[in-house]
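Student: Quick one: sequence plus predicted model below, questions after.
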Amino acid sequence: MAMEQVLAERDSEDEVDDDVADLEDRRMLDDFVDVSKDEKQMMHLWNSFVRKQRVLADGHIPWACEAFSRLHGPDLVQAPSVLWCWKLFMIKLWNHGLLDARMLNSCNVILEECRSQRQNQEIDHMNIDRIKLGGVGLEGARMGELVRFLI
C-alpha cells in the first residue's frame, strides 16, 4: 500500500470486498444441512452475481435472470443438476410475481441455445476424433496386412 493511500482522507471501510463477501457467502451456505451441494452452488452463483451487479429492486430481477442465464448458461448446461436448480429458482421467482412468463421463456431459450452449442461442439470433437482414429485404424490395418504378408 502506498503512503498516499495510508494518509488519504478517503475511508474504504464501507466498501464491499467481493472476494470476502463470496467467502462469507460460501461459509453461510455450507451451514445449511438440508440443501444439496448443487443447490448451494447455484445459490452461491446467484448471490455473487446479484451482489456484483447491484441488483437491489424487484424490478431488476427479470434483467438479472436474463444476464445470469447468458453469463452462466454455458457452465449450467455442463452441470444438469445445477441447471435444474436454476430453472426451479426461476419458477419460484415466477410464482412470487418477480419474473414474468415471457422472461422465463427468454431465459430458457438462452439456456437451450447454450445446450445446442455445446452439443455441436461435442459432435465436432467426436468427428475430429473419428477422423484421427480412422487414420490410425487404416495404418494399423495396413501394418496388419504387411505382417500377414511377411508371414
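Tutor: That came in fine, so what should we check first? Numbers count the residues shown, from 1 in each chain.
Student: buried stuff in the helix or strand where residue 90 lies?
Tutor: Using DSSP states H and E, residue 90 maps to helix 80-95. Using 16 or more other Cβ atoms under 10 Å as the test for burial, helix 80-95 gives 82, 83, 85, 86, 87, 89, 90, 93. Every residue, glycine included, has its C-beta placed from N, CA and C.
Student: ditto for stretch 52-64
Tutor: Result for stretch 52-64 [16+ other Cβ under 10 Å]: buried residues 55, 61, 62, 64.
Student: Chain neighbours aside, what residue packs nearest to the second one?
Tutor: Read that as residue 61. residue 98 (4.5 Å; Cβ to Cβ, 6 or more residues apart in numbering).
Student: So that neighbour, which state does it fall into?
Tutor: Per DSSP: H, G, I helix; E, B strand; the rest coil, the local secondary structure of residue 98 is coil.
Student: For the chain, just list every one of the helices.
Tutor: Using DSSP state H, the helices assigned to the chain run over residues 3-7, 18-30, 37-53, 61-76, 80-95, 101-150.
Student: the inter-axis angle of the fourth one versus helix 37-53?
Tutor: Here helix 61-76 runs at an angle of 130 degrees relative to helix 37-53 (axes from the mean of the first three to the mean of the last three Cα atoms, to 10 degrees).
Student: cool, and the second one?
Tutor: Angular relation of helix 18-30 and helix 37-53 on a 0 to 180 degree scale: 150 degrees, by the same axes, to 10 degrees.
Student: who touches helix 18-30?
Tutor: 35, 40, 43, 44, 47, 48, 51, 52 (Cβ atoms under 8 Å, 6 or more residues apart in numbering).
Student: Any stretches of the protein with poor pLDDT?
Tutor: Applying pLDDT under 70 to the chain picks out residues 1, 3, 5-18, 22, 25, 125, 129-130, 132-151.
Student: Buried subset of the contacts of helix 18-30, written for ChimeraX?
Tutor: To isolate the buried members of those in ChimeraX, using 16+ other Cβ under 10 Å:
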select :40,43,44,47
